[in-house]
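Colleague: got a predicted model here, sequence first, then my questions.
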Amino acid sequence: MVYYADFHIHSRFARATSQSLTLPVLDEYARKKGIAVLGTGDFTHPMWFEEIKHYLEPAAEDGLFHLKNAPNDAVRFILSVEISSIYQQSGRTRRIHTIVMLPALAAADNFNRSLASRGAKLSSDGRPIVGLSAKRIAELAFDAHPQAIVIPAHVWTPWFSVFGSMSGFDSLEECFEELTPKIVAVETGLSSDPPMNWRLSKLDDVALISSSDAHSPAKIAREATKFDGELSYRGIAAALKTGSPAKAKEKADSPTELIGTIEFFPEEGKYHFDGHSAHQIRLSPAETKSKGGICPTCGRPVTVGVLSRVEALADRPQNFKPAGAPDFWSLVPLEEIIAEAVGVRVGTKKVGTIYQALLQAFGNELAVLLDIPLEKIESAAQPNIAEAVKRVRERKLHIEPGYDGEYGTVHIFDSKDRQQFEPAEQASLF
């Protein structure tokens, strides 16, 4: 069975998230997007944990859950949370975000109690801020359940990640020490993709996953991970353990295989380039180097982004791919593609009508973006929408890279292109 999973999301109890994030809504949007396994997010928050217990029940598959009284093909949920660790190590303040997944409510309850007993204020935020090291978080997760999955989140983000330029480390070993062999995967994050991570030979021992880090239902599946095999917690854990280039030969003995990842175009991520958003200064790594890392407007250091940080730690050239590395696919969300193609904003009625028609015709968003033949998309919608999907699949985009907390801007068509593909009035599914 081939399926997609999105492990890292948030509830409405996390800061800066949509109040519509409830478990029934998450189930609804996961179906629309084509996600079979969705993280619950935020299971450390007391009120969200109570909702998890109220709305969900164990699925037939080991370690997964679904809505109570749901049909057999319902979305499966996996218990997940993102922990924000802020602590001192080796004379520096470290800010590391870590994803923890557990296979049972009792294990999640034990983990929550361990955090609370060490001073964590779990009710303050769905993504709790703790004074414990990332290594200590991993220890508590494995104490809660030996099959815990611990994944460093968005590993290149400057301010809050294991390799972050502002507060991270130069290796997983520096962060997790003797627990490093138990860290079997890392999350690429929105500002990096697998080719960037393949440039570090030290990452050959870990699988690469992608997740949306969704703060609203519509953002689910903007990044995701593709599996083939057993749909279960056991299967997912096994796929992560054998999903790295170094473990590729062990895939045959695993019940599930990590096929690849669904990625943002990394240039669209908020921290791809260097810069200083206060003065709208966006710099490539070469430009940052030429300016000595200083903002030319205010004279303060710029925020060093993901591309520069990868370059600093890389020991391989660009375009290197390790033998046995899984595939990846870079996408633009379907509603953004439609909006670009018809020349209106996301959230308008026109975009919504076309989006729903495509889902009705083809099942879900990931199917449209990845699998449906272009001629079928054209017959169901408009030639310019099919052309836009084609260009995304072929990576023929115009992107101004994101920097210092500002998302990059993606354009599929220029003004001449839009005139060429401007549709005449025609019959369609909408």
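Modeller: Perfect, I can see it now. Predicted, not measured: the structure shown is a model, and the values here were computed from it.
Colleague: check contacts around Gly352.
Modeller: Glu335 (CB atoms under 8 Å, 6 or more residues apart in numbering). (Glycine included, C-beta is placed from N, CA and C.)
Colleague: can you confirm Glu82 is in a strand?
Modeller: Yes: Glu82: assigned to a strand according to DSSP: H, G, I helix; E, B strand; the rest coil.
Colleague: what sits against the nearest residue to it once chain neighbours are set aside?
Modeller: Counting by CB to CB, 6 or more residues apart in numbering, Glu82 lies nearest to Arg127, which is 4.8 Å off, once chain neighbours are set aside. Contacts for Arg127 (CB under 8 Å, 6+ apart) come out as 10, 14-15, 42, 81-84, 97.
Colleague: how about Arg127, secondary structure?
Modeller: Assigned with three-state DSSP, Arg127 falls in the coil class.
Colleague: wait, isn't Asp193 in contact with Glu267?
Modeller: No: judged on CB atoms under 8 Å, Asp193 makes no contact with Glu267 at a distance of 9.5 Å.
Colleague: ok, the two, which is more surrounded?
Modeller: The residue with more neighbours, out of Asp193 and Glu267, is Asp193; 25 against 21, by other CB atoms under 10 Å.
Colleague: got the phi/psi numbers for that one?
Modeller: phi -140, psi 170 (degrees, to the nearest 10).
Colleague: so what's it up against?
Modeller: Listed by CB under 8 Å, 6+ apart, the contact partners of Asp193 are 261, 263-266, 328, 330.
Colleague: same check on Asn197?
Modeller: Counting by CB under 8 Å, 6+ apart, Asn197 has contacts 155, 186, 188, 203, 208, 310.
Colleague: just the ones in helices from the residues you listed, please.
Modeller: Val310 (DSSP state H).
Colleague: give me phi/psi at Ile151?
Modeller: phi -130, psi 120.
Colleague: one step back: columns pLDDT, neighbour count and distance to His411 on top of the contacts of Asp193, output as JSON lines?
Modeller: JSON lines is the format used below for these (pLDDT from 0 to 100; neighbours: other CB atoms under 10 Å; distance: CB to CB, whole Å):
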{"residue": "Thr261", "pLDDT": "98", "neighbour count": "25", "distance to His411": "24"}
{"residue": "Glu263", "pLDDT": "98", "neighbour count": "24", "distance to His411": "18"}
{"residue": "Phe264", "pLDDT": "93", "neighbour count": "26", "distance to His411": "15"}
{"residue": "Phe265", "pLDDT": "96", "neighbour count": "19", "distance to His411": "11"}
{"residue": "Pro266", "pLDDT": "96", "neighbour count": "26", "distance to His411": "16"}
{"residue": "Phe328", "pLDDT": "98", "neighbour count": "20", "distance to His411": "22"}
{"residue": "Ser330", "pLDDT": "97", "neighbour count": "20", "distance to His411": "15"}
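Colleague: farthest-separated two in those?
Modeller: Largest separation among the contacts of Asp193 by CB to CB: Thr261 and Phe265, giving 12.9 Å.
Colleague: closest one of the contacts of Arg127 to Glu230?
Modeller: Proximity of the contacts of Arg127 to Glu230 (CB to CB) peaks at Val81, which lies at 23.8 Å.
Colleague: now do the closest one against His45, distance only.
Modeller: Distance, Val81 to His45, using CB to CB, to the nearest Å: 8 Å.
Colleague: likewise Asp109?
Modeller: Distance from Asp109 to His45, by CB to CB: 13 Å.
Colleague: tell me which of these two has more neighbours.
Modeller: His45 (25 against 15).
Colleague: surely the more buried one meets Asp125?
Modeller: Yes: if you go by CB under 8 Å, His45 and Asp125 touch, sitting 7.4 Å apart.
Colleague: shared neighbours, these two?
Modeller: 13-14.
Colleague: circling back: for ChimeraX, what selects the buried ones among the contacts of Arg127?
Modeller: Selection of buried members from the contacts of Arg127 for ChimeraX, criterion 16 or more other CB atoms under 10 Å:
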select :10,14,42,81,82,83,84,97
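Colleague: now the contacts of Arg127 as TSV including pLDDT and distance to Asn197?
Modeller: Formatted as TSV, the contacts of Arg127 follow (pLDDT from 0 to 100; distance: CB to CB, whole Å):
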residue	pLDDT	distance to Asn197
His10	98	24
Ala14	98	26
Arg15	96	28
Asp42	98	26
Val81	98	24
Glu82	98	19
Ile83	98	22
Ser84	98	22
His97	98	17
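Colleague: nearest to Ala246 among the contacts of Arg127?
Modeller: Looking across those and measuring by CB to CB, the closest to Ala246 is His97, at 24.6 Å.
Colleague: which residues does that closest one bridge with?
Modeller: Going by DSSP bridges, His97 is paired in beta bridges with Ser84.
Colleague: please report how far it lies from Asp6.
Modeller: 16 Å.
Colleague: and Phe169, by the same measure?
Modeller: In terms of CB to CB, Phe169 sits 27 Å off from Asp6.
Colleague: ok, those two, which is more surrounded?
Modeller: Higher neighbour count among Phe169 and Asp6: Asp6, with 31 against 20, using other CB under 10 Å.
Colleague: residues touching that one, list them.
Modeller: 30, 33, 35, 37-39, 211-212, 214, 220-221, 223-225.
Colleague: parallel or antiparallel, list what pairs with the host helix or strand of Ile399.
Modeller: Assigned by DSSP states H and E, Ile399 belongs to strand 398-400. Using DSSP bridges, the strands paired with strand 398-400 are strand 409-411 (antiparallel).
Colleague: now the closest residue to Val25 other than its chain neighbours: phi and psi?
Modeller: Leaving aside its chain neighbours, Val25 sits nearest to Pro217 (5.5 Å; criterion: CB to CB, 6+ apart). Dihedral pair for Pro217: phi -60, psi -40, per degrees, to the nearest 10.
Colleague: local confidence estimate at Pro217?
Modeller: We have a pLDDT of 97 for Pro217.
Colleague: surely Ala120 is in contact with Pro128?
Modeller: Yes: here Ala120 reaches Pro128: they are 5.3 Å apart, a contact under CB under 8 Å.
Colleague: need the contact list for Ala401.
Modeller: One correction, residue 401 is Pro, not Ala. 267-268, 272-273, 282, 284, 307, 408.
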